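*Asks:* next comes the sequence, and after it the predicted model I'd like to discuss.
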Amino acid sequence: MLRVLEDHAIETNGPIGVVNWTNEEGARFPLSMMGSGVWAGSLDLNNVYDLPSVVSDDKSTTVLQELDRIGFKGAIPANWQDGVPMKAHFELHIEQGPYLVNSNQDIGIVQGVQAYKWFRVVATGRACHTGTTGYQDRADALYWASHFITKVRRIAQNRGGLASVGVINAEPGSVNTVPEKVTMSLDIRHPKDQTVEKIVHDTADYLENLDTSIDGSPPVSFHMEETFSSSAMRFDPLALACVEASSQCILGNNRDAVRKMFSGAGHDSVNTSKRTLYLAPPFLLDDYIPRYQLLSSVDQAKKRSAAYAHLRQCNLCPRLCNVNRYEETGYCLIGAERVKVSTIAPHFGEEPCLQGHNGSGSVFFSGCNMRCVFCQNHDISHQRQGFDLTPEDLADWMMKLQEVGKVHNINFVTPEHVVPQVALAILAARDKGLRVPIVYNTSSFDSVDSLRLMDGLVDIYLPDFKVWSNSTSKRLLKTEAYAEHARASIAEMYRQVGDLCFTGDGIAKKGVLIRHLVMPGKEEEGVQIMNWIADVLGKDVFVHVMEQYRPDAHVGKAKRGAKEGAEKRYAEINRAVSNQEIGIVQKAARDAGLWRFAEAARHGGFNI
Ligand code: SF4
């Protein structure tokens, strides 16, 4: 191709290069899309270098040794930031060939890569002798599995998706024994994330309502657990339009000779798409259904009973009060039947991707499980001000925000101490017709238990990671081991919803957005927080480094009863944060490999 351009003296608008990505298939070295993964920062270079071959007589050879041997290691970093940045990447592939041959077409334009989820399904029955046990007495796990396989295929087919079982292990694995246990894989695919979710939802519903006794035989128990998930990827519309225009040049108006298709497998373009454009396709959604809409009736009932159980013995947050909130209150001062709310309104003080044009439908709760000395909402969080609402009342307000306010989401601000009531309110609002995503806006002093209660109910987690060191958390947050709890909580949030994703209008719909407020003299703690995010969660996490610290609450006030001229309290943070301190945290974030920031967009519009 480059020779053709050269021979015809074609001058391009930008430089063009040819890339032969190392090891896309992951055959000899078992990590697919290896070269592009390192380039995009999805894979660690040193881990890749150390990977050994899986070929039986070659198992001591590593990737690094082999690159050295063939002279392909190179001197330029395989890195999208410092090495070889790209504006656009086009991939030529033959894998879609059979589709084109079968339909007698010439060019396939791959629009994106399908979403898929993997599961482990375990059916457990009872082992018995094949010769002495009649059908009516068999709890045959493999027979049950065969029904499941045909049913799940039909479920996927009805939604235009694919469901496949590729691995089956029957135990005890004897010719004359009815299998007691079957462990199998399940792979569900569709070009849209939401359709994969629907297929999973239909399958879970089928399992919940299944009569586990087939043909009158003893019942078989079963369990289905997600093991891997990969979101759908849509390639950039502009790049696709270029390919389409080129196809027309070649084929004229013979539009039938071109086929638009989705790829069923991963490709290097999945990695390069993350880094070539501002509108990174991996984080774009076609449409979105809130997670609470996909909960089965059984899961809803389980959530309700878990919520009541937590209220009867509250250890919901790290304060571990162990109180029955129907009879007394704990550290947060809020009981069981009602929450105290300071303000409910469309709010325009959030990140642009949350507030959009109509505002974020915010519910500011009174009370808090922390006592930050600089709290900028101390009048509502430290004092019990506001009005009391039952979960049912709260659901009505949520509907009002949606129907009258036309807000983009419901944003629960400081909900850590009222998680059960919030869960009940979301379920009630779901029945009333709520359709917008739920935002959980937290100081990160949560517990993994309370977050598990919110799993399936929350779409966007908005954790504020405040400080890193224990001495700072003791002095300024009046809280022991804050960072330890924050790390565990944020990791659980990320496990539930992953990276922040948007619809094409620039509004966030699902994922985690981590905030960090830079504080005077605490910039090194911000650096550690950024490093932890990049190292533990990943480099694609969406981060907001906030600059608006101002002294408030107890900071800069005289001690009660202190003499005139006495030193003010918390003098070390009694000033605005400097540009230099903010710059140190921002630089650390970029140096750690983070790149998705809530900051002014360079291209106009929302920065997604
Ligand atoms: S939510 Fe309130 S009552 Fe429950 S453990 Fe936390 S502070 Fe205590």
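*Replies:* In hand now; what should we look at?
*Asks:* name the element the closest residue to the ligand within the stretch 251-400 of the chain belongs to?
*Replies:* Residue nearest to the ligand within the stretch 251-400 of the chain: G330 (2.6 Å; CB to the nearest ligand atom). Bear in mind the C-beta positions are built from the backbone N, C-alpha and C, glycine included. Following DSSP states H and E, one finds G330 outside all helices and strands.
*Asks:* local confidence estimate at the closest residue to it other than its chain neighbours?
*Replies:* The spatial neighbour of G330 that comes closest, neighbours along the chain excluded (CB to CB, 6 or more residues apart in numbering), is C321 at 3.0 Å. On pLDDT, C321 comes in at 94.
*Asks:* residues contacting I507?
*Replies:* By CB atoms under 8 Å, 6 or more residues apart in numbering, I507 lies in contact with C353, L354, G356, H408, F606.
*Asks:* farthest pair within these?
*Replies:* Using CB to CB, these reach their maximum pairwise distance at H408 and F606, which is 11.6 Å.
*Asks:* more neighbours: the two, which one.
*Replies:* Per other CB atoms under 10 Å, whichever of H408 and F606 has more neighbours is H408, with 26 against 17.
*Asks:* what is the neighbour count of L2?
*Replies:* Using other CB under 10 Å as the criterion, the residues surrounding L2 number 9.
*Asks:* my read: it touches I16, true?
*Replies:* Yes: contact criterion CB atoms under 8 Å: L2 and I16 qualify, at 6.9 Å.
*Asks:* which residue is it, in the stretch 101-250 of the chain, that comes closest to the ligand?
*Replies:* Going by CB to the nearest ligand atom, the ligand is nearest to E226 of the stretch 101-250 of the chain, at 29.0 Å.
*Asks:* SS state for that residue?
*Replies:* For E226, the assignment made with DSSP: H, G, I helix; E, B strand; the rest coil gives strand.
*Asks:* please begin residue numbering at 31 from this point
*Replies:* All set: I'll call the first residue 31, so the last point we hit is now E256.
*Asks:* contacts only, for the closest residue in space to it that isn't next to it in sequence.
*Replies:* In this structure, E256 finds its nearest non-sequential neighbour in F149, 5.5 Å apart by CB to CB, 6+ apart. Counting by CB under 8 Å, 6+ apart, F149 makes contact with S215, L216, D217, I218, M254, E255, E256, T257.
*Asks:* hmm, which of these are the buried ones?
*Replies:* Using 16 or more other CB atoms under 10 Å as the burial test, those include S215, L216, D217, I218, M254 as buried.
*Asks:* which of those come close to the ligand?
*Replies:* With CB under 6 Å from any ligand atom as the criterion, the buried ones among the contacts of F149 include none near the ligand.
*Asks:* of all those, which two lie farthest apart?
*Replies:* In terms of CB to CB, the buried ones among the contacts of F149 reach their longest pairwise distance at D217 and M254, which sit 12.7 Å apart.
*Asks:* among the buried ones among the contacts of F149, which are in helices?
*Replies:* When the buried ones among the contacts of F149 are checked against helices using DSSP state H, none is located there.
*Asks:* dump those to a markdown table, plus distance to N604 and pLDDT.
*Replies:* Putting these into a markdown table (distance: CB to CB, whole Å; pLDDT from 0 to 100) gives the following:
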| residue | distance to N604 | pLDDT |
| --- | --- | --- |
| S215 | 59 | 91 |
| L216 | 58 | 92 |
| D217 | 58 | 92 |
| I218 | 56 | 94 |
| M254 | 55 | 90 |
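*Asks:* list the contacts for the spatially most central residue of the chain?
*Replies:* The chain has G528 as the residue nearest its centroid, 1.2 Å off, counting by CA atoms, centre = their mean. When contacts are counted by CB under 8 Å, 6+ apart, G528 touches S259, S261, K540, G541, V542.
*Asks:* now with 7 Å?
*Replies:* G528 makes contact with G541, according to CB atoms under 7 Å, 6 or more residues apart in numbering.
*Asks:* and the gap between it and the ligand?
*Replies:* Remark: distance between G528 and the ligand (CB to the nearest ligand atom, to the nearest Å) = 27 Å.
*Asks:* with V607 instead?
*Replies:* Look at V607 and the ligand: by CB to the nearest ligand atom, they are 30 Å apart.
*Asks:* now the strands for the stretch 181-330 of the chain?
*Replies:* 192-194, 198-201, 207-208, 211-220, 251-260, 263-264, 288-293, 314-315 (DSSP state E, counting those that start in this stretch).
*Asks:* and the pLDDT at I638?
*Replies:* What the model reports as pLDDT for I638 is 40.
*Asks:* do the least confident helix or strand in the chain by mean pLDDT and the ligand meet at all?
*Replies:* One helix or strand of the chain scores below all others by mean pLDDT, DSSP states H and E: helix 408-411, with a mean of 74. No: against the ligand, helix 408-411 shows no contacts by CB under 6 Å from any ligand atom, the least distance being 12.4 Å.
*Asks:* can you give me the helices in the stretch 231-380 of the chain?
*Replies:* Under the criterion DSSP state H, counting those that start in this stretch, helices of the stretch 231-380 of the chain are mapped to 267-281, 298-306, 327-342.
*Asks:* tally of neighbours for P115?
*Replies:* 11.
*Asks:* show me what contacts it?
*Replies:* By CB under 7 Å, 6+ apart, P115 has no neighbours at all.
*Asks:* can I assume A186 is in contact with I218?
*Replies:* Yes: at 6.2 Å, A186 and I218 qualify as touching, with contact defined as CB atoms under 7 Å.
*Asks:* which neighbours do these two share?
*Replies:* In contact with both A186 and I218: A193, I229, using CB under 7 Å, 6+ apart.
*Asks:* mind listing what A518 touches?
*Replies:* With contacts defined as CB under 7 Å, 6+ apart, A518 is in contact with V478.
*Asks:* quick check, the residue of the stretch 281-430 of the chain closest to the ligand in contact with P348.
*Replies:* No: using CB under 7 Å, G360 is not in contact with P348; the gap is 11.7 Å.
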